[in-house]
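Quick one, structure for this:
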Amino acid sequence: MKSTALEQIREIVERIVETEGMELVDAQLVGGGQHRVFRLFIDKLAGVTHDDCEKVSRLVSEALDAEDLISGGAYTFEVSSPGIERPLTRPKDFERFQGQKVKIELREPIEKSKRFSARLVGFDGERVTFEMEQGKTLVVAIADIQKANLKYEW
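Below is the predicted model of the structure:
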């Protein structure tokens with residue numbers, strides 16, 4: 001699928017989700033042929049309910065069918081919450097989840113390691129500050145983070 005179509009789909013989905021008082025965490029189109037899956041992960045401060053997923057599914061399905069943006073025939077469509085260990089993918093995620101425990105994977109190693117568990121303690125728009133379990137502070141550019149997820153504390 002061309003990136004312009006993906007951008008169009010994302011814009012439509014974000015508009016629908018935001019109108020419903022939620023945020024789009026991620027959108028994925030995976031697989032190929034008759035085994036394609038289009039997944040949306042939505043969230044809101046009070047948590048996502050089954051009714052929220054059902055409503056977004058219906059609204060997005062209607063919009064995508066009307067525009068015929070996912071070409072190539074059949075696909076499975078799924079809508080869910082991102083889960084308790086949700087990914088942090090945008091700058092506003094690093095603002096929102098300050099104080100939370102996170103798992104991070106860096107693009108390049110620091111002190112021979114690319115993976116860390118830490119508490120997210122600051123974000124200035126470009127750099128993220130983490131408090132490590134050993135009492136150290138780690139400051140990295142957001143662009144240097146390959147992957148970040150909340151870490152559920154049992």
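
who are the neighbours in contact with the closest residue to residue 75 other than its chain neighbours?
In this structure, residue 75 finds its nearest non-sequential neighbour in residue 36, 4.0 Å apart by C-beta to C-beta, 6 or more residues apart in numbering. Every C-beta, even on glycine, is put in place using the N, C-alpha and C of the backbone. Counting by C-beta atoms under 8 Å, 6 or more residues apart in numbering, residue 36 touches 29, 30, 70, 72, 74, 75, 76.

Just the buried subset of these, please.
Buried members of the contacts of residue 36, counted by 16 or more other C-beta atoms under 10 Å: 70, 75.

Show me which pair in the contacts of residue 36 is furthest apart.
The distance between the two most remote of the contacts of residue 36 (C-beta to C-beta) is 14.2 Å, for 30 and 74.

Name the nearest residue to residue 151, sequence neighbours excluded.
Sequence neighbours aside, residue 101 is the residue nearest to residue 151 in space, at 4.3 Å (criterion: C-beta to C-beta, 6+ apart).

where does this structure dip in pLDDT?
Residue ranges of the chain with pLDDT under 70: 1-5.

can you give me the helices for it?
Ranges of helices in the chain, per DSSP state H, are 3-19, 50-67, 91-96.

just the ones you listed: most buried one?
Most buried of these, by mean neighbour count (mean count of other C-beta atoms under 10 Å): helix 91-96, with a mean of 16.

So which elements touch that one?
If contacts are counted by 3 or more C-beta pairs under 8 Å, 6 or more residues apart in numbering; DSSP states H and E, helix 91-96 sits against strand 113-123.

how about the strand it packs on as PDB, C-alpha atoms only?
Provided in PDB are the C-alpha atoms of strand 113-123 (Å, rounded to 0.1, in the frame of the first residue of the first chain):
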ATOM      1  CA  SER A 113      23.500  -2.200  26.700                       C
ATOM      2  CA  LYS A 114      20.500  -1.200  24.500                       C
ATOM      3  CA  ARG A 115      17.700  -2.300  26.900                       C
ATOM      4  CA  PHE A 116      16.800  -0.700  30.200                       C
ATOM      5  CA  SER A 117      14.100  -0.700  32.700                       C
ATOM      6  CA  ALA A 118      13.700   2.700  34.400                       C
ATOM      7  CA  ARG A 119      11.300   5.300  35.600                       C
ATOM      8  CA  LEU A 120      10.400   8.100  33.100                       C
ATOM      9  CA  VAL A 121      11.100  11.300  35.000                       C
ATOM     10  CA  GLY A 122      11.300  14.000  32.500                       C
ATOM     11  CA  PHE A 123      10.800  15.100  28.900                       C
END
